[in-house]
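J.: The following block contains a protein sequence and its predicted model.
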Amino acid sequence: MSEVKKRLPIKEGLFKPPGNGDEGYLVGSRCKACGVYFHPKRVVCANCYGEDLEEVALSRRGKITTYTIARTSYPMTPVTAPFITAQVELPEKIRVLSLMTGVDLDKVKIGMEVELCFWKTGEDEKGNEVVAYAFRPIPT
């Protein structure tokens with residue numbers, strides 16, 4: 001009997017990868033006192049300094065507020081140049097820094113509506129799939 005392989009996040013706590021019928025989502029926190037959202041999740045509110053925060057699934061869609069095109073790769077990463085890094089504003093009024101995928105370098109623009117997606121970066125020593133998140137344009 002073979003062991004069932006898992007989908008593991010490239011870094012714990014940032015997101016829940018898709019699996020078991022779940023689409024996957026970014027993990028954030030919401031302050032119960034003032035209602036402000038955060039990503040990544042926090043234990044103390046940066047707005048009111050309250051300590052009563054709850055873990056929440058953040059929206060999967062947002063809009064690009066700014067971006068940059070990198071023409072040099074970083075050593076020891078699964079990302080190759082050229083690539084786009086964008087700041088995406090979610091409906092919760094937080095901005096998430098993310099890679100962009102599925103868009104040509106000359107087609108990305110501020111205000112573009114995007115959605116969360118996941119991609120395989122490799123496998124761990126047990127053969128489990130290691131995934132990262134990115135955003136891609138919403139198909140029209």
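T.: Everything's here; your move.

J.: Report the contact partners of the residue nearest to residue 45 when sequence neighbours are not counted.
T.: Nearest residue to residue 45, sequence neighbours excluded (C-beta to C-beta, 6 or more residues apart in numbering): residue 31, at 3.9 Å. In this view, the C-beta of every residue, glycine as well, is placed from N, C-alpha and C. Shown in contact with residue 31 (C-beta atoms under 8 Å, 6 or more residues apart in numbering): 37-38, 45, 47-48, 50, 52-53.

J.: swap in residue 37?
T.: Residue 37 neighbours (C-beta under 8 Å, 6+ apart): 28-31, 56, 58, 90, 92-94.

J.: on that earlier part again, closest one of the contacts of residue 31 to residue 83?
T.: residue 38 (25.7 Å; C-beta to C-beta).

J.: what's the burial count for that closest one?
T.: 20 (other C-beta atoms under 10 Å).

J.: From residue 20, how far out is it?
T.: 26 Å (C-beta to C-beta, to the nearest Å).

J.: and if you look at residue 117?
T.: For residue 117, the distance to residue 20 - C-beta to C-beta - is 18 Å.

J.: cool, residue 75 as well?
T.: Counting by C-beta to C-beta - residue 75 and residue 20 are separated by 35 Å.

J.: quick one: the strands in this protein?
T.: 7-9, 15-16, 25-31, 37-38, 53-57, 61-70, 83-89, 95-100, 113-123, 129-137 (DSSP state E).

J.: Tell me the bridge partners for the residue nearest to residue 45.
T.: residue 53 (DSSP bridges).

J.: Quick check: which ranges of the protein have low pLDDT?
T.: 1-4 (pLDDT under 70).

J.: Please repeat the previous calculation with a cut-off of 50.
T.: 1 (pLDDT under 50).

J.: Give me the most central residue, it.
T.: Residue closest to the mean C-alpha point of the chain, counted by C-alpha atoms, centre = their mean, is residue 133 at 4.4 Å.
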